[in-house]
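Novice: What would the 3D arrangement of this be:
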Amino acid sequence: MKEKFYRFMQGRYGADQFSRFLIGVDFVLILLSLLIRRNQLLSVAVVGVLVYVYFRMFSKNISKRYAENQKYLAMTEGIRGKFAKQRNRAQQRKTYRFYKCPACSQEVRVPKGKGKIEIDCPKCHTKFIKRS
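Specialist: Below you'll find the model as predicted:
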């Protein structure tokens with residue numbers, strides 16, 4: 001069965017970031033439709049989004065689906081960048097401390113556990129002392 005599905009999906013676009021976003025939107029719409037009963041417009045929207053997701057996944061026009069995904073990624077670049085920065089910082093919090101330069105507000109990363117150290121800002125070369 002798995003091989004039949006693989007053969008069926010060969011030459012088709014499949015799932016991407018935009019599809020995952022649309023599935024999340026559909027999930028939110030489903031929750032709203034459960035809260036707001038007897039709203040036919042919301043039910044139609046749920047089905048419409050789901051049909052569009054499946055249309056994109058099973059489409060053989062790969063270049064158009066790729067262009068749609070690139071447009072979505074370009075529109076959400078700022079938001080995704082902020083989340084990636086926070087995730088990266090959370091991963092490094094055990095080994096590094098982060099300080100802002102008092103002169104230019106550049107974020108500077110220094111290793112933890114070094115005691116009181118003099119930090120040289122890489123952007124404006126201002127020196128300041130902090131505990132690591």
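
Novice: show me the contacts for the residue most central in space within the chain.
Specialist: Central residue of the chain (CA atoms, centre = their mean): residue 80, 4.2 Å from the mean position. Neighbouring residues of residue 80 by CB atoms under 8 Å, 6 or more residues apart in numbering: residue 73. Quick note: C-beta positions are derived from backbone N, CA and C, even for glycine.

Novice: does it count as helix, strand or coil?
Specialist: Judged by DSSP: H, G, I helix; E, B strand; the rest coil, the three-state class of residue 80 is helix.

Novice: Next, work out how far apart it and residue 87 are.
Specialist: Here residue 80 is placed at a distance of 10 Å from residue 87 (CB to CB, to the nearest Å).

Novice: what's the answer for residue 42, then?
Specialist: 33 Å.

Novice: Neighbour count: the two, which is higher?
Specialist: Neighbour count, other CB atoms under 10 Å: between residue 42 and residue 87, residue 42 has more, with 17 against 10.

Novice: Phi, psi for residue 30 please.
Specialist: Backbone torsions of residue 30, given as degrees, to the nearest 10, read phi -60, psi -40.

Novice: cool, residue 60 as well?
Specialist: Main-chain torsions, residue 60, degrees, to the nearest 10: phi -100, psi 0.

Novice: Please name the residues that touch it.
Specialist: Counting by CB under 8 Å, 6+ apart, residue 60 has contacts 11-13.

Novice: Redo the residues you listed as CSV? Include neighbour count and pLDDT.
Specialist: Shown next, in CSV, are the contacts of residue 60 (neighbours: other CB atoms under 10 Å; pLDDT from 0 to 100):
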residue, neighbour count, pLDDT
11, 8, 84
12, 14, 87
13, 21, 89
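
Novice: Save those residues as TSV, and put in distance to residue 110 and secondary structure too.
Specialist: Shown next, in TSV, are those (distance: CB to CB, whole Å; DSSP: H, G, I helix; E, B strand; the rest coil):
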residue	distance to residue 110	secondary structure
11	51	coil
12	49	coil
13	45	coil
